[in-house]
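Asks: have a look; sequence and predicted model below, questions after that.
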Amino acid sequence: MDQPQAWQFGAFTLLPAQRLLLDGNAPVRVGGRALDLLIVLVEGAGKVVGRDELMASVWKKVVVDEGRMRVHVAALRRALGDDGDAR
């Protein structure tokens, strides 16, 4: 199946081919691994994406500890303005 050119959620637009996340028209600064995590999560919208699947998708042939993933998820949450409210 072909990957969509863009995904929209709330005020955000994710352009996976360009590796770009926009908030409105403004680019959101987010690291490469955090962006990879977001792409995997958006592709899996509507289903539970487990830790093992995330780690295998983002860190393909590299062994990393779970703490590394938590750091990138936290950065992604900050970039998306996740303050605990359902945005």
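Replies: Arrived safely.
Asks: tell me which helix or strand L22 sits in.
Replies: Element membership for L22, per DSSP states H and E: strand 20-23.
Asks: elements contacting that strand?
Replies: Counting contacts by 3 or more C-beta pairs under 8 Å, 6 or more residues apart in numbering; DSSP states H and E, strand 20-23 is packed against strand 12-15. The C-beta positions use only the backbone N, C-alpha and C, and glycine is treated the same way.
Asks: the strand it packs on: which residues count as buried?
Replies: Under the neighbour-count criterion of 16 or more other C-beta atoms under 10 Å, strand 12-15 has 12-14 buried.
Asks: give me the buried positions along stretch 24-40.
Replies: Using 16+ other C-beta under 10 Å as the test for burial, stretch 24-40 gives 28, 30, 33-40.
Asks: D36 touches M55, doesn't it?
Replies: No. In this structure D36 lies outside contact range of M55 using C-beta atoms under 8 Å: 10.8 Å.
Asks: distance to D23 and pLDDT added to the buried residues of strand 12-15, as JSON lines?
Replies: Shown next, in JSON lines, are the buried residues of strand 12-15 (distance: C-beta to C-beta, whole Å; pLDDT from 0 to 100):
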{"residue": "F12", "distance to D23": "6", "pLDDT": "94"}
{"residue": "T13", "distance to D23": "8", "pLDDT": "95"}
{"residue": "L14", "distance to D23": "11", "pLDDT": "95"}
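Asks: in helices, which of the buried residues of stretch 24-40 fall?
Replies: The helices, defined by DSSP state H, take in 33-40 from these.
Asks: between these, which sits nearest L20?
Replies: Of all those, L35 has the smallest distance to L20: 8.4 Å, by C-beta to C-beta.
Asks: do I have it right that P27 meets Q18?
Replies: No. P27 is beyond contact range of Q18, at 9.9 Å (criterion: C-beta under 8 Å).
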